[in-house]
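> please find the sequence and the predicted model below.
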Amino acid sequence: MAISMYQASIPQFKKMLTNLSAILKKGEEYATAKKVDGNVLTGERLFPDMFPLSRQVLIACDQVKNGMGRLASVEPPKFEDKETTFAELQERIAKTIVFIDGIKPEQVDGTEAKEIKFSIKEWNFEFVGDQYLFTWIIPNFYFHITTTYNILRSNGVEVGKTDFLGG
């Protein structure tokens, strides 16, 4: 039995965004318990040349909304990319979930050979649909969620594999 493009993407993205939200909640609770400004945690990085936690969340959401928008031929919502607090990051995740909830299987299934072209700064990318989903969207999405998790964990937030994978 083959898995469809929709089955391989939207349900898992929604699950992992929900898990990311729960991980961020633990981060916020940790900051409150330790009497630390939450913006200290959302501004943390694993290494000086990496993006801070807040940007990791924004990029994870962007991978999903922009990627699935391109595949489904739907204009993704535009966000200001100014979210830095735990509350703002939670709102960003919620808005991303609302957007992907509106994408129907028939909009994504059958896009395996769809031509996808886009640019990021000076780089131009060209994919076909299945290559785009499996070699660009999914790995980037997981990289940024994992980095968010690692930033919180390395700062003492008690999160584990169960939090990452969800219950």
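Received it, and whenever you're ready, just let me know what you need.

> mind exporting the C-alpha coordinates of stretch 74-83 to CSV?
Extracted in CSV, the C-alpha atoms of stretch 74-83 (Å, rounded to 0.1, in the frame of the first residue of the first chain):
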residue,chain,number,x,y,z
VAL,A,74,-2.8,27.8,-2.2
GLU,A,75,-1.4,31.1,-1.1
PRO,A,76,0.0,30.7,2.4
PRO,A,77,-0.7,33.3,5.0
LYS,A,78,2.0,36.0,5.4
PHE,A,79,3.3,36.5,8.9
GLU,A,80,5.4,39.4,10.1
ASP,A,81,8.2,37.2,11.5
LYS,A,82,8.4,39.4,14.7
GLU,A,83,7.3,36.7,17.1
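
> pLDDT on it, on average?
Averaging the model's pLDDT scores along stretch 74-83 yields 95.

> repeat for stretch 13-30
98.

> export that stretch to PDB, keeping only CA atoms.
What follows is stretch 13-30 as a C-alpha-only set of coordinates in PDB (Å, rounded to 0.1, in the frame of the first residue of the first chain):
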ATOM      1  CA  PHE A  13       3.100  18.200  10.500                       C
ATOM      2  CA  LYS A  14       0.000  18.800  12.700                       C
ATOM      3  CA  LYS A  15       1.100  16.300  15.300                       C
ATOM      4  CA  MET A  16       4.700  17.700  15.500                       C
ATOM      5  CA  LEU A  17       3.500  21.300  15.600                       C
ATOM      6  CA  THR A  18       1.200  20.300  18.500                       C
ATOM      7  CA  ASN A  19       4.200  18.600  20.200                       C
ATOM      8  CA  LEU A  20       6.300  21.700  19.600                       C
ATOM      9  CA  SER A  21       3.600  23.800  21.300                       C
ATOM     10  CA  ALA A  22       3.700  21.500  24.300                       C
ATOM     11  CA  ILE A  23       7.600  21.700  24.400                       C
ATOM     12  CA  LEU A  24       7.400  25.500  24.300                       C
ATOM     13  CA  LYS A  25       4.800  25.400  27.100                       C
ATOM     14  CA  LYS A  26       7.300  23.400  29.300                       C
ATOM     15  CA  GLY A  27      10.000  26.000  28.400                       C
ATOM     16  CA  GLU A  28       7.700  28.900  29.500                       C
ATOM     17  CA  GLU A  29       6.800  27.100  32.700                       C
ATOM     18  CA  TYR A  30      10.500  26.400  33.400                       C
END
